[in-house]
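S.K.: I'll drop the sequence and a predicted model, then ask my questions.
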Amino acid sequence: MIYFVSAAALILLFLLQRARSQLRAFEAKERDIRDALNSLAEDQKERHGREIQRLLDALPYAFFSISDHGKIIRTNLSARAIFKNQDLINHSIQQVFHDAPIVTEIENVIHEPSSYRRILRLPPNSLFSQKSKDKDSHWEIDLRSITIGTDSREVQLMMRDMTANVETDQIRQDFVANASHELRTPLSIISGYLENLTEEDGIKNKAIAQKMLITMDRHVDRINQIVEHMLLISKLESEEGSPLKISPFSLSICVNDIIERLDPLIEKQQAIVLNQVPELELIGDQFYWTQILYNLIENALKQNATQPVTITISAKKKKSRDLIIKVSDQGIGIPTRDLPFIFKRFFRVEKHHSQAQIKGTGLGLSIVKRAIEAHGAKISVKSTPGVETTFTIETPQPPIC
Ligand code: ADP
């Protein structure tokens, strides 16, 4: 009996031990599985994080996520590029964005969760104005307050450089305002004269009527010229860009043709126009090059109507790739303070023009500049009033368009 009981106890003990070791093995396995699941979750989290970062880096805009304590927690490639790859993580918004307006906007959204988009104007000394150099820059900021999990929030900020768009808009607005102003003046003169002429007896005084008609004709010419110049500018600036018709042509023959066209004016003013261009070929759009040189030579004539002026056109090759073309005159010249503005639309040096004189549209040099830039070329001007004014064009050959 004793023998039987002790055998049963031994078996029980053995079974108990086996169960215990099985339990331990199970526990170890469970631990392994739990660990494996945890590292899988970590892996997935990490992979997920990497995927999000990859998507953010592909964004063409600067992106920052900011904790509700005002610390940077994530950035993207464009954002890091602005800060020259400095480490921004865990830095406060005040340390990162020295620009008070951006900091204020972020703080507002941290304190009062909301989402909005607006354009900020940042001063020239702002980190964000590096590309616009000495000018203000304009940035669209997109701020969003996001809930993470159950109780924490973050602010996401996207910043897009809108400087070029804002400037283009401004140029367009100025252009329309200036164009309407320039057109209104001759139109109101014409309509005033027409009213006089159509009044009773207005046409009877032939001498006065004749004078009015001549003035009206001059103003109609001016309107035509403004419209033509405006069309040319808009062609040069059209979105699709009117493709240039590039081919080689003789620069000297082109200059001779222009001189021939201007012959009546040259004779009238007793001017001397010297074509010193050697026999060489210019590769470019002949229509635009004719327009460029015509405007420069005509300007030198127009600005010196009261004194005989000598105008010289010359050209030479530079380093076998570039061509330098110069148009110079010894006339009235351009005051130093006006030089930075002469390529701007509708700009005319005030003292050269009295209201009675109608000499141009103020668009001639902006057409010249646009057409030159369309060829990948550049233009500069130097002027010592009363001594010499020289416009220098440097154009790559063949052109870079
Ligand atoms: P405009 O139609 O009035 O000639 P432009 O754009 O061609 O307009 O020229 C702008 C201004 O630059 C002119 O009004 C004139 O005051 C000045 N300018 C251009 N070329 C000369 C020059 N060769 N000599 C003196 N002034 C010039």
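M.R.: Good, I have the coordinates.

S.K.: List the contacts of I119.
M.R.: 138-141, 162, 166 (C-beta atoms under 8 Å, 6 or more residues apart in numbering). For glycine as for every other residue, the C-beta is placed from the backbone atoms N, C-alpha and C.

S.K.: change it to 6 Å
M.R.: 138, 140, 162 (C-beta atoms under 6 Å, 6 or more residues apart in numbering).

S.K.: got it, and H375?
M.R.: Per C-beta under 6 Å, 6+ apart, neighbours of H375: 284, 395, 399, 401.

S.K.: in the stretch 251-400 of the chain, which spans are strands?
M.R.: 272-276, 281-285, 310-318, 322-329, 378-384, 388-396 (DSSP state E, counting those that start in this stretch).

S.K.: what domains does the record give for the protein?
M.R.: Domain assignment for the chain by automatic domain parsing gives 59-161, 163-242, 245-401.

S.K.: May I ask you to confirm that I313 is in contact with V255?
M.R.: Yes - I313 is in contact with V255 according to C-beta atoms under 6 Å; the separation is 5.2 Å.

S.K.: Wait, a strand at M159?
M.R.: Yes - using DSSP: H, G, I helix; E, B strand; the rest coil, the assignment for M159 is a strand.

S.K.: Can you verify my assumption that it contacts A62?
M.R.: Yes - in this structure, M159 is within contact of A62 by C-beta under 6 Å, at 4.3 Å.

S.K.: any weak-confidence spans in the protein?
M.R.: Along the chain, the model assigns pLDDT under 70 to residues 1-9, 12, 26, 30, 33, 37, 133-134, 200, 239-242, 350-359.

S.K.: mind listing what the longest strand seen in it pairs with, with the direction of each?
M.R.: Criterion DSSP state E: the longest strand present in the chain is strand 137-148. Each strand paired with strand 137-148, and its direction, by DSSP bridges: strand 115-122 (antiparallel), strand 152-161 (antiparallel).

S.K.: got the ones you listed as JSON lines, with distance to the ligand columns?
M.R.: Shown next, in JSON lines, are these (distance: least, C-beta to the nearest ligand atom, whole Å):
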{"stretch": "strand 115-122", "distance to the ligand": "30"}
{"stretch": "strand 152-161", "distance to the ligand": "30"}
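
S.K.: that older thread, max pairwise distance over the contacts of H375: which two?
M.R.: T395 and C401 (10.8 Å; C-beta to C-beta).

S.K.: Who has more neighbours out of those two?
M.R.: T395 (25 against 15; other C-beta atoms under 10 Å).

S.K.: quick one: that one from N224, how far?
M.R.: 30 Å (C-beta to C-beta, to the nearest Å).

S.K.: what do you get for T147?
M.R.: T147 is 64 Å from N224, by C-beta to C-beta.

S.K.: and N224, how many neighbours?
M.R.: Other residues close to N224 by other C-beta under 10 Å number 11.

S.K.: for E112, same thing?
M.R.: Neighbours around E112, by other C-beta under 10 Å: 8.

S.K.: The stretch 101-250 of the chain against the ligand: which residues are in contact?
M.R.: Near the ligand, no residue belonging to the stretch 101-250 of the chain is found when assessed by C-beta under 6 Å from any ligand atom.

S.K.: And the helices in the stretch 101-250 of the chain?
M.R.: 163-198, 206-237 (DSSP state H, counting those that start in this stretch).

S.K.: Identify whichever of the ones you listed lies nearest to P264.
M.R.: Here helix 206-237 is closest among these (C-beta to C-beta), at 14.5 Å.

S.K.: Just give me how far that closest one sits from the chain centre.
M.R.: 32 Å (C-alpha atoms, centre = their mean, to the nearest Å).

S.K.: who touches T392 in this structure?
M.R.: 326, 380.

S.K.: Please repeat the previous calculation with a cut-off of 7 Å.
M.R.: 324, 326, 379-380 (C-beta atoms under 7 Å, 6 or more residues apart in numbering).

S.K.: Now do the contacts for R261.
M.R.: Going by C-beta under 7 Å, 6+ apart, the list of residues near R261 is empty.

S.K.: got a list of what the residue lying closest to I233 once chain neighbours are set aside touches?
M.R.: Once flanking residues are discounted, I233 sits nearest to I367: 5.9 Å by C-beta to C-beta, 6 or more residues apart in numbering. Applying C-beta under 7 Å, 6+ apart to I367 gives the contacts 229, 232-233, 291, 295.

S.K.: Can you tell me which of these is closest to the ligand?
M.R.: N295 (5.8 Å; C-beta to the nearest ligand atom).

S.K.: so which of the helices of the stretch 101-250 of the chain comes closest to F346?
M.R.: Across the helices of the stretch 101-250 of the chain, closest to F346 is helix 163-198 (C-beta to C-beta), at 4.3 Å.

S.K.: and the closest one, how far from the chain's centre?
M.R.: Worked out by C-alpha atoms, centre = their mean, helix 163-198 lies 24 Å from the chain centre.

S.K.: Enumerate the beta-bridge partners assigned to E388.
M.R.: T384.

S.K.: My guess is it contacts S328. True?
M.R.: Yes - with contact defined as C-beta atoms under 7 Å, E388 counts as touching S328 (5.9 Å).

S.K.: how about the residue minimising distance to the centre of the chain, what does it touch?
M.R.: For the chain, the residue nearest the mean C-alpha position is A164 (3.6 Å; C-alpha atoms, centre = their mean). With contacts taken as C-beta under 7 Å, 6+ apart, A164 has no neighbouring residues.

S.K.: what about it, distance to the ligand?
M.R.: 24 Å (C-beta to the nearest ligand atom, to the nearest Å).

S.K.: just K382 next, same as before
M.R.: 11 Å.

S.K.: Tell me, how many residues neighbour the nearest residue to that residue once chain neighbours are set aside?
M.R.: In space, and not counting its chain neighbours, K382 is closest to T390: 5.3 Å by C-beta to C-beta, 6+ apart. Residue crowding around T390 was assessed by other C-beta under 10 Å; the count is 15.
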